[in-house]
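**Student:** how would this look folded up:
(4 chains)
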Number of protein chains: 2
Amino acid sequence: MNRHAPTLEDVAREAGVSRATVSRVVNGVRNVDPAIQDQVRVAIERTGYAPNRAARSLVTRRTGTVALVVSGAGDGTGDTSEEEQNAFAARVFADPFFGRVVGGVVGFLRPRSTHPVLMFAESPEARQEVLRYLRQGNADGALVVSTHPDDPLPALLAEAGLPAVLFARPVRPVALSHVDLAHWDGGRLAAERLLARGCRKVATVSGPWAVAASQERLAGFRDTMARGGHPYVPVAEGGFTLDSGVAAMAELLAEHPDVEGVFAANDLMAQGVCQVLRERGRRVPDDVAVVGFDDSSVAATCRPPLTSVRQPVEDMAAAMARLLDEHVRGLRTEPASVLFEPELVVRESA
Amino acid sequence: MNRHAPTLEDVAREAGVSRATVSRVVNGVRNVDPAIQDQVRVAIERTGYAPNRAARSLVTRRTGTVALVVSGAGDGTGDTSEEEQNAFAARVFADPFFGRVVGGVVGFLRPRSTHPVLMFAESPEARQEVLRYLRQGNADGALVVSTHPDDPLPALLAEAGLPAVLFARPVRPVALSHVDLAHWDGGRLAAERLLARGCRKVATVSGPWAVAASQERLAGFRDTMARGGHPYVPVAEGGFTLDSGVAAMAELLAEHPDVEGVFAANDLMAQGVCQVLRERGRRVPDDVAVVGFDDSSVAATCRPPLTSVRQPVEDMAAAMARLLDEHVRGLRTEPASVLFEPELVVRESA
DNA sequence: TCGTGGCGGGAGAGCGCTCTATGCCCTCGG
DNA sequence: CCGAGGGCATAGAGCGCTCTCCCGCCACGA
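**Tutor:** So this is what the prediction gives:
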């Protein structure tokens, strides 16, 4: 706070060289005489110099910052009050999924000393703010995690020609890179597990139908059950939340009290499924086996701990960051997609 | 991506005025002839101009960005692997507390069109990175949430004269503003609830002893119980995690099988307490009443839903952001502290 | 000896913005 | 009718950095 921060000029004077030389040493470009390098380094040390990023990015047109955008519903009528926005953020992070995304992103970014700016785009104004932010050059690009299938943000970003990478393939094709999971295989793994346990009467709590991932998980599950000789699988639609899992299971149980196995399309709903089963006097896994999806932290803390289809979220998030980095650096110009394979993690629930 | 982004110069040419005039219109300073204002606005519209933030902050020395730092353990020997870092982030966000902090911060910041950069400072290198980041002028200041009592970051920030605001009063006095909760009163509320329900044998799962908040919650609880005629309250120390709640409750139950009421110093541990009680055949709240702390999202999703001492985390986080804003703008020069009052939220567990 | 090429360093032109100093012009009082 | 003064716009100087020239020096070959 006292005085002014030292500048390149100050360091140069201290070291008895020119600005350009100091810049070269700082950025490690071109050959600089080792002796002079040392001089400069000493001068930097002595002055406590730290390059001013605003000045640097003014000329390089790179910021060392990416936007990590959690994008919400489609229409979003009216403006978002502070209250609603708070709720959105809290809801988003209530799903352990996002913590893992953040972890993976930061894990990749930090060694490159770039950092994520957290943004929420749950309303039209918020979306505009994101676009404005990127167009102003505040960040080099965006990592987008949509919570809603017909999120308009990806299209807006693509249209504006802003570098962006999506988590999950968008329903409507968009010229952006994305990472995704082989959801069908995930459904298959869940079915195989239930079949292997000898469950014959099985049901499933799917994710929202509008979400492509839900459909694929369901398809993988159903196809595999059919192949195993069980062509009929009752389905109740959930919304990836605990409450919706509770409601869906209650519904299923009312119509199919003899169910022996349940596949829930994420762990939060699986937790709800377990709650309902226990309340109705069913033991998990003795009476009913339950398989979740994600292998998130609730899978481990749930009682009983959930057998779950693992989604390598951290790796996927890191891959997003990598793709974005490549786009920003111009190493990659065409949209690409990276697909990850799920894996079954066996615990106690199935 | 195509061509160059329009600059002030372009807009000025388009509108037939000078750069300075456009700048004034954009920033809304000084009187500008309304007719010219319109001209300029039209030109801005037509060119799709967006002010370049790097250039702006180069001269204003403000960035419109704050660092939101989640700061970890004290020593942290050795460097942090990407794995460990991932785990840290996931662990941090596993506690719904942080989602609420983020929500509150974003809620305050967004109307001021500033945004938080998420940083983790769980190792010495990561801490240095935070300092470097701030000293480089990447952000105007830092909002710090420590997960560990002897976190050295606050002192480092204060020493470097960087604007920062802490969540919770630091153990060692530091010349930084902070927000906090009246934890003692929170403990009192919990005790009053249990006393009102007629619980006589009560026990408590405290937070880590090194954390001042834990001690204050405990003190408020004990003092109030004592005043109610119950001077002896068994305590087991937990670590604010679900597992630690489980362990602590198991321990308490072994020594005091006749317990009628339990106060856990946060909801995550309260959830663990409920799990253990159920496994040991105790009904909540019929046999044992349980009061949690925080009123976080797990309080609502726990079975049974937890009666909990509400901590207005969103408001506290917003207050942090406000304090920081005032420091950055120079409206406030001396460290200040803002204290919030807890509130009892009654659900089913007590 | 001089020419040539390559390496290491310096000079200086911006990057896009803000803001102070300056100057124009119009109005109003004397 | 002239001078003073105030409202509004402009000119231009940076903010701190990068990067493209350019130049000097030395080693080497002719």
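**Student:** which bits of chain A sit near DNA strand D?
**Tutor:** Residues of chain A that fall close to DNA strand D, judged by C-beta under 7 Å from any atom of the strand: A:4-5, A:7-9, A:19-20, A:23, A:26-27, A:29, A:49, A:51-52, A:55-56, A:58-60. Where C-beta positions appear, they are placed from N, C-alpha and C, glycine not excepted.
**Student:** tell me which entries of these lie within helices.
**Tutor:** Using DSSP state H, the members of the residues of chain A next to DNA strand D that fall within helices are A:8, A:9, A:19, A:20, A:23, A:26, A:27, A:55, A:56, A:58, A:59, A:60.
**Student:** most widely separated two among these?
**Tutor:** Between any two of those, the greatest separation by C-beta to C-beta is 18.7 Å, found for A:9 and A:60.
**Student:** helix or strand: which one has residue A:119?
**Tutor:** Per DSSP states H and E, residue A:119 falls inside strand A:115-121.
**Student:** find the nearest non-adjacent residue to the residue nearest in space to the middle of chain A, please.
**Tutor:** Centroid-nearest residue in chain A: residue A:101, 3.9 Å away (criterion: C-alpha atoms, centre = their mean). Excluding the flanking residues, the one nearest residue A:101 by C-beta to C-beta, 6 or more residues apart in numbering or on different chains is residue A:317, at 4.5 Å.
**Student:** these two touch, right, the one you found and residue A:98?
**Tutor:** No. Here residue A:317 lies out of contact with residue A:98, judged by C-beta atoms under 8 Å, at a distance of 9.7 Å.
**Student:** tell me which of the two has more neighbours.
**Tutor:** residue A:317 (29 against 24; other C-beta atoms under 10 Å in any protein chain shown).
**Student:** distance of the more buried one relative to residue A:117?
**Tutor:** With distances taken as C-beta to C-beta, to the nearest Å, residue A:317 is found 15 Å from residue A:117.
**Student:** please see if whichever strand or helix holds residue A:38 touches DNA strand C.
**Tutor:** Under the criterion of DSSP H and E, residue A:38 resides in helix A:34-47. Yes. Interface with DNA strand C: helix A:34-47 contributes residue A:36 (C-beta under 7 Å from any atom of the strand).
**Student:** where in chain A is pLDDT low?
**Tutor:** A:1-3, A:73-83, A:85 (pLDDT under 70).
**Student:** in it, what residue is nearest DNA strand C?
**Tutor:** residue A:31 (2.5 Å; C-beta to the nearest atom of the strand).
**Student:** assign the residue nearest to residue A:223 when sequence neighbours are not counted to helix, strand or coil.
**Tutor:** Excluding its sequence neighbours, the residue lying closest to residue A:223 (C-beta to C-beta, 6+ apart) is residue A:188, at 7.3 Å. Using DSSP: H, G, I helix; E, B strand; the rest coil, the structure places residue A:188 in helix.
**Student:** same check, this time on the one 10 residues further on
**Tutor:** With three-state DSSP as the basis, the three-state label of residue A:198 is coil.
**Student:** residue A:187 against residue A:217, yeah?
**Tutor:** Yes. Residue A:187 is within contact range of residue A:217, at 4.2 Å (criterion: C-beta under 8 Å).
**Student:** for the helix holding residue A:38, the distance to its chain's centre please.
**Tutor:** 42 Å (C-alpha atoms, centre = their mean, to the nearest Å).
**Student:** would you map the helices across the stretch 101-250 of chain A?
**Tutor:** With DSSP state H, counting those that start in this stretch as the criterion, the stretch 101-250 of chain A has helices at A:124-135, A:153-159, A:183-196, A:212-227, A:242-255.
**Student:** quick check on the ones in helices among the residues of chain A next to DNA strand D: which are buried?
**Tutor:** Among these, those buried by neighbour count (16 or more other C-beta atoms under 10 Å in any protein chain shown) are A:8, A:23, A:26, A:55, A:56, A:58.
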